[in-house]
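In: sequence and predicted structure, then a few things I'm wondering about:
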Amino acid sequence: MNLTARHYALVAVFVLALFLPGRASLPPLDRDEPRYLEATAQMLRSHDFVDVRFQDQPRYLQPAGIYWLEAAAVAATGTLEQREVWAYRIPTLIAVIISVLLTARLGTALFGIRTGLTGALLLGVSVLMTAEGRMATIDSCLLAAILALQTALLRAWSDRDETRSTPPGIAVLYWAALGIGLMLKGPVMLIPALATPAALALVERRIDWWHRLRPAWGVPLTLAIVLPWCIAIALVSHGLFFKSAVGTNFLGKVASGQQSHGLPPGYHLVIFAIAFWPGSLFAAMAIPFVWMRRHTPQVRFLLCWIVPHWLVFELIATKLPHYVLPTYPAIALLAAASVTQAGGWRPPAALWGRIALAVYGLLWLALGTALTIAGPVLLWRLQHQWLPAAALIPVLSLPLVLLSGWLVVRGRLQDAVMSVAGGAVVVYFGLFWVVLPHLTSIWLSPRIAETVDLVRPCPTSVLASASFSEPSLVFLVGQQTRLVNAAGAADFLESDRSCGLALIGTRDEAAFRARLATHDIAVRQLALIGGINYSTGKHLDLKLFKVER
């Protein structure tokens with residue numbers, strides 16, 4: 001049985017409902033997301049769709065694809081000047097829906113409809129997917145492109161012993177998805193595009209099916225998508241883009257840990273327990289199932305998808321959780337297959353395997369319990385605030401998580417998946433709809449922007465911030481915002497005595513006033529804004545100043 005239009009519609013509606021909470025109520029999430037937002041906004045204001053910039057600095061990290069998608073969404077909604085963050089997040093929402101639908105399609109093609117839908121559910125409710133799918137960054141869109149590519153690759157590979165020809169549309173999908181992925185994240189897209197077919201060829205010792213993807217005209221199709229912008233940016237940047245994006249950003253991450261993210265191999269395996277929760281336990285339980293069926297075509301294809309990609313990102317020096325997100329659909333399908341297929345799950349034969357799985361199960365249960373109580377605990381710890389709606393989160397979700405643990409012990413794995421998925425949905429709704437919007441102590445940038453709008457002495461007043469330099473401040477306050485030190489903020493007020501504003505933390509106030517004294521300037525405090533910079537974990541007391549006339 002194949003997926004019908006009704007199945008696709010129900011899955012899409014579920015994903016839409018799951019990922020809508022928080023899209024409009026959550027402010028820009030430092031530090032990566034606001035950089036994409038501001039660069040996109042500047043692209044729309046300047047009408048320069050080639051040279052991506054954050055303030056006056058070139059942003060030569062990836063190609064322009066994600067900025068084009070976000071610019072199209074903002075232009076279509078007419079929200080540029082309002083700085084409505086939800087508009088920038090529209091491409092991510094669409095990409096998440098596509099990703100979950102394609103996971104269901106792949107699982108159905110490989111194992112049947114029940115496995116496909118279960119795998120799609122496990123992917124959709126995973127912690128990492130839930131987080132990435134709400135931000136206006138690249139990775140959810142890249143995942144959709146990778147899934148489209150793998151869908152085409154599976155069809156061509158599945159036809160390897162057929163006499164019929166694979167439809168040309170499959171080749172178009174493969175090469176177009178490759179081109180789109182390259183425009184989103186550059187050479188990173190080549191890892192799944194090349195590693196999966198290479199692994200299949202190595203394992204099977206045949207690659208004759210590759211011609212079904214029609215590379216003779218498929219490669220030119222990919223180049224037609226990628227080359228125009230590559231040529232344009234090469235001319236505009238005088239080659240600096242490729243030096244920075246490929247040499248520094250891509251290859252630099254291989255050799256050394258960038259931005260304090262250097263970690264040893266095994267990092268992705270360690271954090272998998274929480275990043276893929278609640279599916280992580282079912283993935284661990286699927287290991288015997290996968291090992292016994294490793295020679296079957298379905299499992300072989302998914303392993304050739306997972307293993308090369310995972311190994312590459314375990315071996316490179318720089319590590320972030322979302323680097324292995326492209327493997328999660330395949331892992332979800334293997335976990336779902338072990339749950340739904342006849343004779344699927346069997347306990348490990350060795351005693352040490354059963355002990356390890358039991359320990360992992362307890363860890364999984366502890367993580368789930370922590371997630372259910374995280375919302376009200378955060379509100380109380382950070383703000384001493386008690387919300388009845390937040391208190392309902394553990395009341396509704398914890399029984400479902402604990403029930404799923406009992407169902408696992410009883411061997412009722414399909415029921416356990418549904419129970420814990422229901423608990424996860426309650427947690428996410430509560431966190432993104434109730435808790436995070438009310439956690440005002442960590443949302444410093446929106447409060448600063450609101451205060452600046454209330455007290456600015458001139459319509460064109462510019463803010464110089466010496467003690468809080470998160471990118472979200474630039475997006476919410478304005479492109480001209482100056483991120484400087486204490487002396488620089490004082491110098492700025494000296495240069496703009498009528499309209500300038502300065503944001504100074506209590507730790508930098510002495511240096512700020514000492515510099516002001518050299519300019520013989522007196523200032524007046526307009527506001528005091530206190531809170532936590534969640535990027536650093538530090539509490540800040542920020543004072544807003546203007547020149548005293």
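Out: Perfect, thanks for sending it. Numbering: from 1, shown residues only.
In: wait, a helix at A136?
Out: No: according to DSSP: H, G, I helix; E, B strand; the rest coil, A136 belongs to no helix; its state is coil.
In: residue contacts, the nearest residue to it once chain neighbours are set aside?
Out: If the residues on either side of it in the chain are set aside, A136 comes closest to Y88, at 4.0 Å by CB to CB, 6 or more residues apart in numbering. For glycine as for every other residue, the C-beta is placed from the backbone atoms N, C-alpha and C. Counting by CB atoms under 8 Å, 6 or more residues apart in numbering, Y88 makes contact with 36-37, 40, 70, 73-74, 136.
In: give me the subset of these lying in helices.
Out: Mapping those onto helices (DSSP state H) picks out 36-37, 40, 70, 73-74.
In: from those, pick the one nearest L542.
Out: Among those, L37 lies closest to L542 (CB to CB), at 21.7 Å.
In: quickly list the domain ranges of this protein.
Out: For the chain, automatic domain parsing gives the domain ranges 5-252+326-338, 351-441, 443-547.
In: pick the most deeply packed of those.
Out: domain 5-252+326-338 (a mean of 20; mean count of other CB atoms under 10 Å).
In: what is the helix or strand that contains I306 packed up against?
Out: If you go by DSSP states H and E, I306 is part of helix 297-315. Applying 3 or more CB pairs under 8 Å, 6 or more residues apart in numbering; DSSP states H and E, one finds that helix 297-315 contacts helix 90-111, helix 139-158, helix 190-204, helix 267-275, helix 328-340.
In: try it again at 10 Å.
Out: helix 90-111, helix 139-158, helix 190-204, helix 251-255, helix 267-275, helix 287-292, helix 328-340 (3 or more CB pairs under 10 Å, 6 or more residues apart in numbering; DSSP states H and E).
In: out of these, which gets the lowest mean score?
Out: Mean pLDDT is lowest for helix 251-255 among the helices and strands packed on helix 297-315, at a mean of 59.
In: need the contacts of Y88 in TSV (columns: distance to T103).
Out: Compiled in TSV, these are given as follows (distance: CB to CB, whole Å):
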residue	distance to T103
Y36	25
L37	28
T40	28
E70	24
A73	23
V74	28
A136	22
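In: buried stuff in the helix holding I306?
Out: 298-306, 308-310, 312-314 (16 or more other CB atoms under 10 Å).
In: and the closest residue to L200 other than its chain neighbours, what does it touch?
Out: Excluding its sequence neighbours, the residue lying closest to L200 (CB to CB, 6+ apart) is C304, at 4.9 Å. C304 makes contact with 153, 157, 195-204, 330 under the criterion CB atoms under 10 Å, 6 or more residues apart in numbering.
In: follow-up on the earlier one: closest to G239 among the buried residues of helix 297-315?
Out: Proximity of the buried residues of helix 297-315 to G239 (CB to CB) peaks at V312, which lies at 26.7 Å.
In: before we move on, the earlier item: just want the angle from the helix holding I306 to helix 190-204.
Out: When axes from the mean of the first three to the mean of the last three CA atoms, to 10 degrees is applied, the directions of helix 297-315 and helix 190-204 differ by 130 degrees.
In: quick one: helix 297-315 to chain centroid distance?
Out: Computed by CA atoms, centre = their mean, to the nearest Å, the chain-centroid distance of helix 297-315 equals 20 Å.
In: and the angle for that helix with helix 267-275?
Out: Relative orientation of helix 297-315 versus helix 267-275 (the same axes, to 10 degrees): 110 degrees.
In: using TSV, please lay out the contacts of C304 together with distance to A336.
Out: Shown next, in TSV, are the contacts of C304 (distance: CB to CB, whole Å):
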residue	distance to A336
L153	20
W157	20
A195	23
T196	19
P197	24
A198	26
A199	22
L200	21
A201	27
L202	26
V203	22
E204	24
A330	11
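In: tell me what angle the helix holding I306 forms with helix 90-111.
Out: Orientation check (the same axes, to 10 degrees): helix 297-315 against helix 90-111 gives 140 degrees.
In: A464: what secondary structure?
Out: Relying on three-state DSSP, one would call A464 strand.
In: show me what it bridges to in the sheet.
Out: Bridge pairing for A464 (DSSP bridges) gives the partners R482, A502.
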